[in-house]
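Trainee: based on what follows, work out the 3D shape:
(chains A and B)
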Amino acid sequence: MQDEPTPIELTKAVADFLRNDITPLISGHQAFKLRVAVNILDLVTRQLTQEEGSDAKEVERLRALLGMDGSVTELNRALADRIAKGEVDLATPGLAEHLWQTTMDKLAVDQPNYASYKRELSRNP
Amino acid sequence: MIEAELSRSVARWCKGATGVTGAAKLSGGASQETWRFDIVHPDGPIGAILRRSPKGYGAAPTRAAGLAAEAQLMQLAFEAGVPSPRVMHVLTAEENLGTGFIMQRVEGETIARKILRDDEFAAARPHLARQIGGVLAGLHRLPLDKLPELRRMTAAKEIGEFERDYRSLNWPKPVFELALRWLRDHDPGPSAEETLVHGDFRNGNLIIGADGVRAVLDWELAHLGDPMEDLGWVCVNSWRFGEIDKPVGGFGSREELFAGYEAAGRKVDPARVKFWEVMGTLRWGIMCGGMMQRFREGPDHSMERAMIGRRASETEIDLLRLLAPRGS
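Mentor: Residues are numbered from 1 along each chain as shown, chains lettered A, B, ... in the order given. So this is what the prediction gives:
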């Protein structure tokens, strides 16, 4: 077991330092690059916070859908394969719901400000 | 310095020109660069743009039409009244500037978010969707017998290429698989009519002024194929920049786009347009994957490129919105 602070706390501290202390000192192209860097750290923080929970639920759905066991990567590969072969499609019970949930979980990490995501989030049950 | 070579160049073909000033690189990848500069002339400065592949980068990537073809297409478009910069000169070997061309600089804005938000364009915005329809109609009417040699594309060929690109990424994405299946199942077959297709006609590749569309840029993906491809691509959600209820570049409705196209005397096939919008959404998603690959394998190890890889999920949600929409 590793000591604390946790990776989430550490990346957040760096992001806050860059955002609050360094951003006012920098302009032009370097400021743009700095913004990208802060965005990356924010993304990493979101992933560290959410990945464990969303992956576990994704695996659960995939096991039910595919009737097999494996890692999240293996199961995604198997699902991709079955869709490619036409064995699974949107008429398959649970597929659309699974893909929606998985995609919403990705956007929550990747681009929570993406307009399509915000629209879909507002209608989420 | 590039100004010395440009000065020698303009002296050869621009009557009265005495040199150039203010050369600045606007954008540049490894193989293609865009520069702005002013030609010094007794009647006043002439704004110009250089588009070139520097020496040693002659070969175009497989999908690109090449700079010579691009120059020819822009000139043809200009002559036909399609908003386009006038091509002033095609580079020759003795100018020592690489391959490419020099065109008139058209003033205006290309940054999509500014066009969608700034007051300067407020009066133009409501008319842009319809105007874009008219511009595309003009572009699709360019005479085939005058076009440079271009690759021929059909939907089936395009799907095949995307599938190959996607599989080469070794990046299992169930939503992309679903889109590939959908595209194969809904392939409308070769278009009855084959025309010039711009290939990258979208918000971001247009120069817009307070008066509307001033120029169509970036002809490097031009090819022959289904004209509805351009109408579908301009509607891809990635080019709406947040204005998701205005499918045409964030400017307006499909109905306005189609009306502008038909008012200019050409017919729209809305089912084909939808097909190409799905294709275009997948296309951008796979391109995001390509960026990730290039980030990983170098030479471009930039943070920006890495982050574009994380935008593939945007196209996944947009594909789901198109193919498996949830209740409104």
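Trainee: isn't residue A:14 right up against residue A:41?
Mentor: Yes. Between residue A:14 and residue A:41 there is a contact under Cβ atoms under 8 Å: 5.9 Å. Quick note: C-beta positions are derived from backbone N, CA and C, even for glycine.
Trainee: tally up the residues packed near residue 71, please.
Mentor: With no chain named, the answer covers chain A. 10 (other Cβ atoms under 10 Å in any protein chain shown).
Trainee: correction: the question concerned chain B.
Mentor: Applying other Cβ under 10 Å, I find that residue B:71 has 23 neighbouring residues.
Trainee: in the helix or strand hosting it, what counts as buried?
Mentor: Element membership for residue B:71, per DSSP states H and E: helix B:67-79. Buried residues in helix B:67-79, defined by neighbour count with 16 or more other Cβ atoms under 10 Å in any protein chain shown: B:67, B:68, B:69, B:70, B:71, B:72, B:73, B:74, B:75, B:76, B:77, B:78.
Trainee: how about stretch B:5-18?
Mentor: Of all the residues in stretch B:5-18, those buried under the rule 16+ other Cβ under 10 Å are B:5, B:6, B:7, B:9, B:10, B:14, B:17.
Trainee: now the fifth one: how far from chain A?
Mentor: If you measure residue B:10 against chain A using Cβ to the nearest Cβ, to the nearest Å, the figure is 29 Å.
Trainee: go on, the fourth one?
Mentor: Separation of residue B:9 from chain A (Cβ to the nearest Cβ): 29 Å.
Trainee: that residue falls within a helix, correct?
Mentor: Yes. Under DSSP: H, G, I helix; E, B strand; the rest coil, residue B:9 falls within a helix.
Trainee: which residues sit in contact with it?
Mentor: By Cβ atoms under 8 Å, 6 or more residues apart in numbering or on different chains, the residues touching residue B:9 are B:89, B:91, B:95, B:97, B:102.
Trainee: counting neighbours, which of these comes out on top?
Mentor: Counting by other Cβ under 10 Å, top hit in the contacts of residue B:9: residue B:102 with 27 neighbours.
Trainee: partners of that residue in the sheet?
Mentor: Beta-bridge pairing for residue B:102 (DSSP bridges): residue B:50, residue B:89.
Trainee: any idea how far it lies from residue A:8?
Mentor: Separation of residue B:102 from residue A:8 (Cβ to Cβ, to the nearest Å): 53 Å.
Trainee: ok, now residue B:201?
Mentor: Taking Cβ to Cβ, one finds residue B:201 at 43 Å from residue A:8.
Trainee: pLDDT score for residue A:119?
Mentor: Looking at residue A:119, its pLDDT reads 96.
Trainee: looking at residue B:201 and residue A:8, which is more packed in?
Mentor: More crowded of residue B:201 and residue A:8, by other Cβ under 10 Å: residue B:201, with 26 against 14.
Trainee: can you pull the contacts of whichever residue of the stretch 201-328 of chain B sits closest to chain A?
Mentor: Of all residues in the stretch 201-328 of chain B, residue B:313 sits closest to chain A, at 4.1 Å by Cβ to the nearest Cβ. Contact partners of residue B:313, counting by Cβ under 8 Å, 6+ apart, are A:103, A:106, A:107, A:110, A:111.
Trainee: out of those residues, who's near chain B?
Mentor: The subset of these within reach of chain B, by Cβ under 8 Å from any Cβ of the partner chain, is A:103, A:106, A:107, A:110, A:111.
Trainee: highest neighbour count among these?
Mentor: residue A:103 (24 neighbours).
Trainee: any stretches of the chain with poor pLDDT?
Mentor: The chain I'm using is chain A. Within chain A, the stretches with pLDDT under 70 are A:124-125.
Trainee: to clarify, I was referring to chain B.
Mentor: B:28-31, B:56-62, B:328.
Trainee: what about the helices in the chain?
Mentor: Picking chain A for this. A:7-17, A:28-66, A:72-85, A:95-110, A:115-122 (DSSP state H).
Trainee: look at chain B instead
Mentor: Using DSSP H, helices in chain B cover B:2-13, B:67-79, B:112-117, B:125-140, B:155-169, B:174-186, B:228-233, B:254-263, B:270-297, B:303-309, B:312-323.
Trainee: make a markdown table out of those helices and add distance to residue A:74.
Mentor: Shown next, in a markdown table, are those (distance: least, Cβ to Cβ, whole Å):
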| stretch | distance to residue A:74 |
| --- | --- |
| helix B:2-13 | 53 |
| helix B:67-79 | 45 |
| helix B:112-117 | 40 |
| helix B:125-140 | 45 |
| helix B:155-169 | 17 |
| helix B:174-186 | 13 |
| helix B:228-233 | 35 |
| helix B:254-263 | 41 |
| helix B:270-297 | 20 |
| helix B:303-309 | 22 |
| helix B:312-323 | 20 |
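Trainee: hang on, residue B:319 packs against residue B:283?
Mentor: No. Using Cβ under 8 Å, residue B:319 makes no contact with residue B:283, being 11.0 Å away.
Trainee: please identify which of the two sits among more neighbours.
Mentor: For residue B:319 versus residue B:283, neighbours defined as other Cβ under 10 Å are more numerous around residue B:319 (23 against 20).
Trainee: grab the nearest non-local neighbour of that one.
Mentor: residue B:179 (4.9 Å; Cβ to Cβ, 6 or more residues apart in numbering or on different chains).
Trainee: cool, residue A:69 as well?
Mentor: Residue A:69's closest residue in space is residue A:63 (Cβ to Cβ, 6+ apart), at 6.0 Å.
Trainee: over to residue B:100?
Mentor: residue B:52 (3.0 Å).
Trainee: OK, contacts around the one you found?
Mentor: Residues near residue B:52 by Cβ under 8 Å, 6+ apart: B:32, B:33, B:35, B:67, B:91, B:97, B:98, B:99, B:100, B:101.
Trainee: what is the nearest of those residues to residue B:290?
Mentor: Each of those was scored against residue B:290 by Cβ to Cβ, and residue B:32 proved nearest at 16.4 Å.
Trainee: how many neighbours does that closest one have?
Mentor: 20.
Trainee: and the one 10 residues further on, by the same measure?
Mentor: Residue B:42 is flanked by 7 other residues according to other Cβ under 10 Å.
Trainee: wait, it sits on residue B:19?
Mentor: No. Residue B:42 is beyond contact range of residue B:19, at 11.7 Å (criterion: Cβ under 8 Å).
Trainee: near chain B, which residues of chain A are found?
Mentor: A:33, A:36-37, A:39-40, A:43, A:73, A:76-77, A:79-81, A:83-84, A:86, A:89-90, A:96, A:99-100, A:102-104, A:106-107, A:110-111, A:114-117, A:119-120, A:123.
Trainee: please check these and keep the buried ones.
Mentor: Looks like those have A:37, A:40, A:43, A:76, A:79-80, A:83-84, A:96, A:99-100, A:102-104, A:106-107, A:110-111, A:114-117, A:120 buried, using 16+ other Cβ under 10 Å.
Trainee: rewinding a little: closest to residue B:135 out of the contacts of residue B:313?
Mentor: Once Cβ to Cβ is applied, the member of the contacts of residue B:313 that ends up nearest residue B:135 is residue A:111, at 30.6 Å.
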